[in-house]
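> what would the 3D arrangement of this be:
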Amino acid sequence: MAGPRGKAISMASSSESSLSPPAVPMELHAVNRDKLLNYIRQQLSVCSRPLHGFVFLQGGEERTRYCTDHVELFRQESYFAHLFGVREPGFYGAIDIASGKSILFAPRLPADYAIWLGEIKSLHYLQKRYMVDMVYHTDEIVQVLHDQYNGSGNPLLFLLHGLNTDSNNFSKPAEFEGIEKFEIDLTILHPTLTECRVIKSDLELVLIQFANDISSEAHIQVMRKIGVGMKEYQLESMFLHHIYMYGGCRHCSYTCICATGENSSVLHYGHAAAPNDRTFEDGDMALLDMGAEYHFYGSDITCSFPVNGKFTSDQSLIYNAVLEAHNAVISAMKPEVSWVDMHRLAEKIILGSLKEGCILVGNVDDMMIERLGAVFMPHGLGHFLGIDTHDPGGYLKGMEKLKEPGLRSLRTTRKLLEGMVITVEPGCYFIDALLVPAMKNENTSKFFNHEVIGRFKKFGGVRIESDVLVTANGSKNMTNVPRETWEIEAVMAGEPWPLKKSYCPEMAKEAS
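Numbering: from 1, shown residues only. Model (predicted):
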């Protein structure tokens, strides 16, 4: 890139970043296809069904802004991205169950595409780029699949159709002209492909780790540059600039949450009706939930800290309650551990800390029975992470969501498995819509120190979120940001991260 006065700028050598975007091997998606193929073949064998037919998916379509010709920035449909890694719109993809061969179908572009949008890539180019066995045009789907089919009768298509348990939306089965000439199966592909996405390959983990690395670095840059009197959207802008400038991340995993003061108790702040536009003040806590996406794979990181760089005693109380829960969960994570148990562990630690801080009174076990934890942490502890921020697979077929407050918001109730990537994001919030009824309820009002809790009415909330890989014997935190209060204060004061081994928080306090 050319910089000011013609000087070259290297993304990797910038003083603001030590990272360089990794190469993306298309082998990653070939591995994903092989994994799915093995799963499908196993299922068909168990059911004594013939091993023929095609896994068939439709990629995403480009959209315009309402009735205008303004084209929105395209992002590939996630299941299709998982299997094929195609970044362009309008594609279809197939995997031959019998031979294992992969086929892409590209849109036949008009000649004037080359004038307005650039070179029309050849089918040979697309075959090499996306590491598939064959590439044809979408108007050849019917003929090609009939020619490739080795069974009797009409070819069988395994189409994607099933419920996303996070959104309660259904995946869209592929549609194309001539589909009536095929047999259709809507039952096998969705649960099988979803389960394939739950366990990440080593190649996928490299991309998720980079998304975490560049996002962690961006969060730290925001910490360093924040100042009283700024707008929340300026924090969002700094984050977006860093991940794109130094990480090549054109997309975020989700809409950035840049909440300060009372806004930090709004769990999904930052939407169109609350667009990160508050001017924050001295004494506010900031809750910044932001994550980059790199080649479809995402991160999801939340940092909470005082905007002036110094924790008050009340801020430390709430922050450390959440941090203790965060750390305890990560320490306890390993294969076969119940995620419900992890959620309860986080709740119990936070309630215990609030009792120690004289915000609550009484027996913590009794609080747990009355589900008081959900008053302070109404959301679930975390969710699967991968190509989607809330990656699918949280609930296997036949699993029902729990009904109790807090627990009913869990995005999974499964036991952990090696290779899962899951967020750990406990929080503690002071939300009037939950606190006021709980303080009036005869079963829960006795637990509140009504005099002390009034001090936190406009506090907002704290969330601490890391992305964690479940390993064979435990877990690995993929996120790398300052977490201890003294680490945050040091970084906000200008210390390098990671802190030097010689850094002494006590000496820094004396110097300040």
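
> neighbours around residue 67, how many?
Residue 67 is flanked by 6 other residues according to other Cβ atoms under 10 Å. Backbone N, C-alpha and C define where each C-beta goes, glycine included.

> quick check on it: phi, psi?
Main-chain torsions, residue 67, degrees, to the nearest 10: phi -90, psi 10.

> could you number the chain from 48 rather than 1 from now on?
Fine by me, first position is 48 from now on; the one you just mentioned is residue 114.

> can you check the pLDDT for it?
Note for residue 114: predicted pLDDT of 97.

> what of the one 3 residues further on?
The predicted local distance difference test score for residue 117 is 97.

> give the helix, strand or coil label for residue 84.
Each residue gets one of three states, and residue 84 gets helix by DSSP: H, G, I helix; E, B strand; the rest coil.

> against residue 195, how distant is the spatially closest residue to it that is not a sequence neighbour?
Nearest residue to residue 84, sequence neighbours excluded (Cβ to Cβ, 6 or more residues apart in numbering): residue 147, at 5.6 Å. Residue 147 sits 12 Å away from residue 195, going by Cβ to Cβ, to the nearest Å.

> ok, those two, which is more surrounded?
The residue with more neighbours, out of residue 147 and residue 195, is residue 195; 16 against 13, by other Cβ under 10 Å.

> so for the more buried one, what's the pLDDT?
95.

> the closest residue in space to it that isn't next to it in sequence and residue 347, how far apart?
Closest residue to residue 195 apart from its sequence neighbours, by Cβ to Cβ, 6+ apart: residue 143 at 5.9 Å. Residue 143 is 36 Å from residue 347, where distance means Cβ to Cβ.

> same question, residue 70
Residue 70 is 24 Å from residue 347, by Cβ to Cβ.

> who has more neighbours, these two?
Between residue 70 and residue 347, counting by other Cβ under 10 Å, residue 347 is the more crowded of the two (26 against 7).

> how about the backbone phi and psi for the closest residue to the more buried one other than its chain neighbours?
Take residue 347 and drop its neighbours on the chain: the residue closest to it by Cβ to Cβ, 6+ apart is residue 338, 4.3 Å away. In terms of degrees, to the nearest 10, the main-chain angles of residue 338 are phi -150, psi 140.

> one more: residue 221?
According to degrees, to the nearest 10, residue 221 has phi -60, psi 140.

> hang on, it packs against residue 106?
No. Assessed by Cβ atoms under 8 Å, residue 221 is found out of contact with residue 106, at 9.1 Å.

> between these two, which has more neighbouring residues?
residue 106 (25 against 19).

> show me the contacts for the more buried one.
123, 124, 127, 131, 133, 136, 137, 138, 139, 140 (Cβ atoms under 8 Å, 6 or more residues apart in numbering).

> mind checking the end-to-end distance for stretch 205-216?
19 Å (Cα to Cα, to the nearest Å).

> that one - what's its average pLDDT?
95.

> buried stuff in it?
205, 206, 207, 208, 209, 210, 211, 212, 213 (16 or more other Cβ atoms under 10 Å).

> and it, how far out from the chain middle?
18 Å (Cα atoms, centre = their mean, to the nearest Å).

> burial measure for residue 176, as a count.
Residue 176: 15 neighbours (other Cβ under 10 Å).

> now swap in the one 3 residues further on and tell me
Burial of residue 179 is recorded as 24 neighbouring residues (other Cβ under 10 Å).

> for it, phi and psi?
According to degrees, to the nearest 10, residue 179 has phi -110, psi 170.

> contacting residues for residue 255?
247, 344, 345, 346, 432, 433, 468, 514, 525.

> report the buried residues of stretch 99-109.
99, 100, 101, 102, 103, 104, 105, 106, 107.

> so the last one is in which element?
Read that as residue 107. Using DSSP states H and E, residue 107 sits in no helix or strand.

> do the fifth one as well
Assignment of secondary structure by DSSP H and E places residue 103 within strand 101-105.

> sheet partners, orientation included, of that strand?
Applying DSSP bridges to the sheet, strand 101-105 is found paired with strand 139-143 (antiparallel), strand 203-206 (parallel).

> contacts for the longest one next, please.
Right, strand 139-143. 80, 83-84, 101-106, 127, 130-131, 133, 148-152, 179, 185, 188, 192, 195, 221, 223.

> same question for the shortest one.
Strand 203-206 has contacts (Cβ under 8 Å, 6+ apart) with 87, 99-104, 144, 192, 220-221, 226, 229-233, 235-236.

> now do 10 Å
83, 87, 91, 96-97, 99-105, 141-142, 144, 192, 196, 218-223, 226, 229-237, 239-240 (Cβ atoms under 10 Å, 6 or more residues apart in numbering).

> sorry, back to before: how about the buried residues of stretch 205-216 in JSON lines, adding distance to residue 255?
Below are these laid out as JSON lines (distance: Cβ to Cβ, whole Å):
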{"residue": "205", "distance to residue 255": "27"}
{"residue": "206", "distance to residue 255": "28"}
{"residue": "207", "distance to residue 255": "23"}
{"residue": "208", "distance to residue 255": "27"}
{"residue": "209", "distance to residue 255": "24"}
{"residue": "210", "distance to residue 255": "25"}
{"residue": "211", "distance to residue 255": "20"}
{"residue": "212", "distance to residue 255": "21"}
{"residue": "213", "distance to residue 255": "18"}
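
> ok now stretch 345-357, how far from the chain's centre?
16 Å.

> identify the contacts common to residue 221 and residue 106.
127, 139, 140.

> which among those residues gets closest to residue 268?
residue 127 (33.4 Å; Cβ to Cβ).

> could you measure the residue nearest to that closest one when sequence neighbours are not counted against residue 154, distance?
Leaving aside its sequence neighbours, residue 127 sits nearest to residue 106 (Cβ to Cβ, 6+ apart; 4.2 Å). Residue 106 sits 10 Å away from residue 154, going by Cβ to Cβ.

> next: residue 448.
With Cβ to Cβ as the criterion, residue 448 and residue 154 are 40 Å apart.

> neighbour-wise, which of those two wins?
Each of residue 448 and residue 154 has its neighbours counted (other Cβ under 10 Å); residue 154 has more, 17 against 14.

> contact partners for that one?
106, 108, 109, 135, 136, 137, 138, 139, 160, 184, 185, 186.

> residue 316 too?
Here residue 316 is in contact with 279, 302-307, 309-310, 322-323, 325, 334, 336, 507 (Cβ under 10 Å, 6+ apart).

> tell me the confidence at it?
On the pLDDT scale, residue 316 gets 98.

> repeat that for the one 10 residues further on.
Residue 326 carries a pLDDT score of 98 in this model.

> relative to residue 369, how far out is the residue nearest to it when sequence neighbours are not counted?
Leaving aside its chain neighbours, residue 326 sits nearest to residue 278 (5.7 Å; criterion: Cβ to Cβ, 6+ apart). In this view, residue 278 and residue 369 are 26 Å apart by Cβ to Cβ.

> who has more neighbours out of these two?
Higher neighbour count among residue 278 and residue 369: residue 369, with 27 against 15, using other Cβ under 10 Å.

> check contacts around that one.
Here residue 369 is in contact with 349, 351, 393, 396-397, 400, 423-424, 472-476, 508-512 (criterion: Cβ under 10 Å, 6+ apart).
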